[in-house]
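Visitor: dropping the sequence and predicted coords here.
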Amino acid sequence: MGRSPCCEKTHTNKGAWTKEEDQKLIAYINAHGEGCWRSLPKAAGLLRCGKSCRLRWINYLRPDLKRGNFTEEEDELIIKLHSVLGNRWSVIASRLPGRTDNEIKNYWNTNIKRKLISRGLDPQTHLPIKADSAENSSAVSSVDEAGARCPDLNLGLPSSGSTSPKSSTSSTGSFFAVYPNFHKSSASSSWTSSEVLLPSLEACGTPVSAPAARARTICFCYHLGFRSSETCSCQTSSSRHLLSLIK
DNA sequence: AAATGTTACAACCGCCGACCG
DNA sequence: TCGGTCGGCGGTTGTAACATT
């Protein structure tokens, strides 16, 4: 008994959307708003599955989408965000108004990857590309070691040994491969972009009592500009959160 | 001009977490 | 607490458009 399909596979169209289908979808959403995607196709008179409608609307038909080429500023922002967040395209997209996760993902795979490689950087780790693989394995072990030494830093992210088939490169791995010595200076109260890119983890070398650590845990998303109403769902210094940091 | 290779991107697939009864 | 449903996510695929031979 497998999972039930998201929609009835028979009697649904697949492939490219026609103008007529687009118009039906736009008209329906303009009239009724984004409601239940599962029931929307039938209500809108579309022979599509709900997921397909949602994707079409979010990635292509939404009125607030910015079409056209990415600017140099957007490029650099994507690179910076990716170096911190890994392949969390939806989070990255939330920082680029008018851009969708799918668009950014495609742009990354077709353009930015190549750009980084031409700069001599590994697109996954953002580290200089080295010929010998020993460098990579040491980067990975430092990630694991950092995670082991600072369990609070793994918060909610799949570990490098995650069983999830989804994340062949874990976000945690990407993050710590870039920032093996991550910490936040207690002297300053906010993050600058250079701090975001140049942290160090030495603080984790010294044991901190759990209550004290929690008391001094800050929300990394918050400092990146995410808020609870957006991508940051932490209410307090919850250990479930994406990347809380020891100050 | 035709064949072949490459690129760009829309769309699909399967999985996961949140939510609800 | 549990199981089902749904929305959302990231990885992957399909294919049209363009470039090269």
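Guide: Received the coordinates, thanks. Numbers count the residues shown, from 1 in each chain, chains lettered A, B, ... in the order given.

Visitor: dihedrals phi and psi, A:P128?
Guide: phi -60, psi 140 (degrees, to the nearest 10).

Visitor: touching, it and A:R119? I think so.
Guide: No - applying Cβ atoms under 8 Å, one finds A:P128 not in contact with A:R119, separated by 9.0 Å. Yep, even glycine has a C-beta here, placed from its N, CA and C like the rest.

Visitor: now do the helix or strand hosting A:A31: which elements does it pack against?
Guide: Here A:A31 sits within helix A:19-32, counting by DSSP states H and E. On a contact count with 3 or more Cβ pairs under 8 Å, 6 or more residues apart in numbering; DSSP states H and E, helix A:19-32 meets helix A:40-44, helix A:50-56.

Visitor: mind putting the ones you listed in a markdown table, mean pLDDT included?
Guide: Formatted as a markdown table, the helices and strands packed on helix A:19-32 follow (pLDDT from 0 to 100):
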| stretch | mean pLDDT |
| --- | --- |
| helix A:40-44 | 89 |
| helix A:50-56 | 91 |
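
Visitor: for A:Y107, which of those helices is the nearest?
Guide: Closest to A:Y107 of the helices and strands packed on helix A:19-32 is helix A:50-56 (Cβ to Cβ; 17.0 Å).

Visitor: do the closest one and DNA strand B meet?
Guide: Yes - Helix A:50-56 lies within reach of DNA strand B by Cβ under 7 Å from any atom of the strand, at A:K51, A:S52, A:L55, A:R56.
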